[in-house]
Structure formats: structure tokens, C-alpha cells
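A.B. asks: Structure, please.
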Amino acid sequence: TAFFALYPSDSGLRFASWFTHPDALSCTLSSALLSSESGFWQTETFFPHANEVGSPQGEPRNQHAFTVEAHLRLDYDLAETWIHFASDDDMWVYIDGRLVLAHDGRQSTRTTEGLDMSLATLREKVRDRDGAETPFLDSATGSCRVDIFFAERETPNSSLGFKSNGGLHPVYAYQAVTDADLPTPLSFSLTQAPPGMNIDARTGRVLWDYVAQNRDANPDNDIAAGNYPVTILVTDSRGYSATQSFTIHVQLPSAP
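C.D. replies: Numbering: from 1, shown residues only. Got it, this is the predicted structure:
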């Protein structure tokens, strides 16, 4: 599950300024990046916004200067699980809120080929950096949140990949969109939502890590089947407000 933002080519992308540029466009992609249980990988032709409304017209290879963020949950076994990162431009990866990869570069052949690392090795590197007592992947088995941020800013190609032999689950994501001429700043909130769903008050990005939220209550399933109503409230600088309501329908897969 991912978002993208399109920036003017001269905007000077920086991680801290994502989704804050006044000329940026952002929306939820119509298709999830997580195309298989092992992850995703696309070399040289990764332009997921090529067919989205509001994206630049023309050949995909002309549609540079965009960003993507993906949010996943990874089931792991420290003794067995490995992860593979790959990108040809900027890439930042967080695991359970801790920065584990910061690649600031353009068209890097080495990173395009990928960086492989076991979770056990990654844990030791984080503890060497942040302190031996750092709480990070403390359990021999468990699950962790993975947040991936990518910025494509160099022609002619675009590559992005994340793979693992652990179990990968997408985090539900939705981008609330308003009329462009509304007075800013805007404030977003959830007036109705399932447990564990959050919205960014500034950007309107909705995330729901439903696997983590429901496992304790439903140990036999990652999530309970059913209908989950959601209502988003947005308020502009004048105090005027509007709402959007929708329902997420969850159906558990049939047994093989």
C-alpha cells in the first residue's frame, strides 16, 4: 500500500519536506505495491503513478520527481528471516520506528542491485549505533512494522524493491483529498473508525495496521471479517468543515 507525491522537478526533494510542498499532488495508488507474500521488486521501470489521475502526461520515463511510501507488517524469525532493500535513488527504511537504512543518492548501481541482511545482523547494527540496551526486535520470533520511503529524482530509470522470506502483510492506507482552493491550513480527524486506525491531522493520510491491532483479539485470524465504517472530518482555517464516509468490507480468504 503506498502513496505518491509529485513535485516540480526543481523542488529539491528532502525527506523532511515530503507532502508539504504547496505544489505537490498526493493520492492513494490504485494498486498495492505488495504484489506477493515475498515483497515487491521492479527495476528501471518503476513508475506506479503513470496512469493515475493528476500525474504528468507523456512517457513514464519523463515522469520523474515523485515519492512513494509503503507500510508493511513483517512476521519474522530472527534465526531465519532476511530482508533485501533496493533503490536507485533516495530510500529510507524504518523498522518499529527506528531508522535502519538511509540511502541518499542518485542512480546508485550498488543499491539498485540490492542490499541483503539478516534481521539478526540488522538488530546488532542498530544496537551498536543506539546502545546495547536499545529495545529493538527483542523477541526471537514476532512481527514488526516496516515503513519504506522512496524518492525518485534522477533520469532515465526508476527502481525500487523490498523483499523478505518472512510473512509480509500490507497496512491499509488511504489519502483524503480536498478541493485545491480551500483556505489552509486544513485539519483532518477521524470521527468514526475501527480500533487502531489513525489519520495524520495535517496531510489526511489514513493508516490502519489491522494485523497488529486484531491479532490479540482474534488469534486464529489476522483480522475479523465484517464491515468497518470510517468517517473523516476536515476543517479549514475559517472553521468550515466537511466529512467523507465509507465502509471497509473485510472478507477472510477461503481455505485452500
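
A.B. asks: Mind picking out the helix or strand in the protein with the poorest mean pLDDT?
C.D. replies: strand 2-6 (a mean of 40; mean pLDDT, DSSP states H and E).

A.B. asks: Let me see the confidence value for A217.
C.D. replies: Predicted confidence (pLDDT) for A217: 59.

A.B. asks: from now on call the first residue 375
C.D. replies: Got it, first residue is 375 now, which makes that one A591.

A.B. asks: low-confidence ranges in the stretch 375-524 of the chain?
C.D. replies: Scanning the stretch 375-524 of the chain for pLDDT under 70 picks out the ranges 375-413, 415-417, 422-439, 478-488.

A.B. asks: residue boundaries of the helices in it?
C.D. replies: 483-487, 493-504 (DSSP state H, counting those that start in this stretch).

A.B. asks: R576 against F562, yeah?
C.D. replies: Yes - using Cβ atoms under 8 Å, R576 makes contact with F562 at a distance of 7.4 Å. Heads up, the C-betas are built off the backbone N, CA and C, glycines and all.

A.B. asks: More neighbours: which of these two?
C.D. replies: Per other Cβ atoms under 10 Å, whichever of R576 and F562 has more neighbours is F562, with 18 against 13.

A.B. asks: Let me see the contact set for that one.
C.D. replies: Going by Cβ atoms under 8 Å, 6 or more residues apart in numbering, F562 touches 550, 573-578, 606-608.

A.B. asks: Now for the residue nearest to it when sequence neighbours are not counted: which residues touch it?
C.D. replies: Computed as Cβ to Cβ, 6 or more residues apart in numbering, the closest residue to F562 that is not its neighbour in sequence is G578, at 4.3 Å. Contact analysis of G578 by Cβ under 8 Å, 6+ apart lists 549-552, 560, 562, 606, 608.

A.B. asks: Tally up the residues packed near the nearest residue to R447 once chain neighbours are set aside, please.
C.D. replies: Leaving aside its sequence neighbours, R447 sits nearest to H543 (Cβ to Cβ, 6+ apart; 4.4 Å). Neighbours of H543 under the rule other Cβ under 10 Å: 18.

A.B. asks: same check, this time on L448
C.D. replies: Neighbour number of L448 under other Cβ under 10 Å is 21.

A.B. asks: same thing with T621?
C.D. replies: T621: 10 neighbours (other Cβ under 10 Å).

A.B. asks: Only alpha carbons, please: show the helix or strand harbouring it as PDB.
C.D. replies: Element membership of T621, judged by DSSP states H and E, is strand 615-624. Only the C-alpha atoms of strand 615-624 are listed here, as PDB (Å, rounded to 0.1, in the frame of the first residue of the first chain):
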ATOM      1  CA  SER A 615     -15.900  21.600   7.800                       C
ATOM      2  CA  ALA A 616     -16.900  18.700   5.600                       C
ATOM      3  CA  THR A 617     -17.000  14.900   6.100                       C
ATOM      4  CA  GLN A 618     -16.400  11.800   4.000                       C
ATOM      5  CA  SER A 619     -17.700   8.400   5.000                       C
ATOM      6  CA  PHE A 620     -17.000   5.000   3.600                       C
ATOM      7  CA  THR A 621     -17.000   1.400   4.700                       C
ATOM      8  CA  ILE A 622     -14.200  -1.100   4.600                       C
ATOM      9  CA  HIS A 623     -15.500  -4.600   3.900                       C
ATOM     10  CA  VAL A 624     -13.200  -7.300   5.100                       C
END
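
A.B. asks: which strands and helices sit next to it?
C.D. replies: strand 600-609 (3 or more Cβ pairs under 8 Å, 6 or more residues apart in numbering; DSSP states H and E).

A.B. asks: For the strand it packs on, name the packing helices and strands.
C.D. replies: Going by 3+ Cβ pairs under 8 Å, 6+ apart, strand 600-609 lies up against strand 561-566, strand 615-624.

A.B. asks: Can you tell me the strand partners of that strand and which way each runs?
C.D. replies: When pairing is defined by DSSP bridges, strand 600-609 lines up against strand 561-566 (antiparallel), strand 615-624 (antiparallel).
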